[in-house]
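Trainee: Mind looking at a prediction? Sequence and model below.
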Amino acid sequence: MQFGLHLLFVLLLFILPGCGGKHAPQSSGASSAEVGGPITFVNNGALTYDPSTVINMARFSETHPRVQLEVVEESDILARLATLVAGGEEDFDITEPSAVNVPQFISIGALMPLDDLFPPAEMARYPEGTLNEITGKDGHIYGKPH
């Protein structure tokens, strides 16, 4: 659990520059430390009660004071993502849905393929059944195996 949480926050740092949709600033020469704005981190609710999540979010906020984190719990996740996708908005940056919800998220276009982040050597470490949970019918990988 601890390793997965740390990996999630590392992924957050790597994915942030590529995400932002319509809110992404134009090239202004600003360093990444100067970039700010809200980041919506959608998770399945389990991390909310994990003490390391609280610590890591506080640490992230200290090192990125202009970035605001918003956590949306699973009870709201399906309705919120469906509304965002249907409205053409891309208003979340990171999501960690339950494996059972991944196919629904793929079908409504709420997830982008992450194949480039997980080369075959990395994916070979996981059992086949786990990979099926995060692989779309198109063969693309849409998440990190649990």
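Mentor: Everything's here; your move. Numbers count the residues shown, from 1 in each chain.
Trainee: Could you pull out the helices in the protein for me?
Mentor: Assigned helices in the chain, in chain order: 2-15, 51-63, 74-86, 102-107, 120-123, 128-134 (criterion: DSSP state H).
Trainee: quick one, which of these is packed in tightest?
Mentor: Burial of those is given as mean neighbour count (mean count of other C-beta atoms under 10 Å); helix 102-107 ranks first at a mean of 17. (Glycine included, C-beta is placed from N, CA and C.)
Trainee: ok, back up a step: got the helices of the chain as a markdown table, with distance to residue 142 and mean pLDDT columns?
Mentor: Formatted as a markdown table, the helices of the chain follow (distance: least, C-beta to C-beta, whole Å; pLDDT from 0 to 100):
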| stretch | distance to residue 142 | mean pLDDT |
| --- | --- | --- |
| helix 2-15 | 13 | 42 |
| helix 51-63 | 22 | 84 |
| helix 74-86 | 13 | 72 |
| helix 102-107 | 6 | 82 |
| helix 120-123 | 12 | 85 |
| helix 128-134 | 6 | 82 |
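Trainee: Redo those as CSV? Include distance to residue 37.
Mentor: Below are those laid out as CSV (distance: least, C-beta to C-beta, whole Å):
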stretch, distance to residue 37
helix 2-15, 14
helix 51-63, 13
helix 74-86, 17
helix 102-107, 23
helix 120-123, 30
helix 128-134, 28
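Trainee: Next one: residue 123 from residue 57, what distance?
Mentor: As for residue 123, its distance to residue 57 is 28 Å (criterion: C-beta to C-beta, to the nearest Å).
Trainee: no, scratch that, I was asking about residue 118
Mentor: 24 Å.
Trainee: since we're on residue 65, how many residues are nearby?
Mentor: By the criterion of other C-beta atoms under 10 Å, residue 65 has 9 neighbours.
Trainee: which phi and psi does it have?
Mentor: phi -60, psi -20 (degrees, to the nearest 10).
Trainee: Could you break the protein into its assigned domains?
Mentor: What automatic domain parsing lists as the domains of the chain is 35-111, 112-146.
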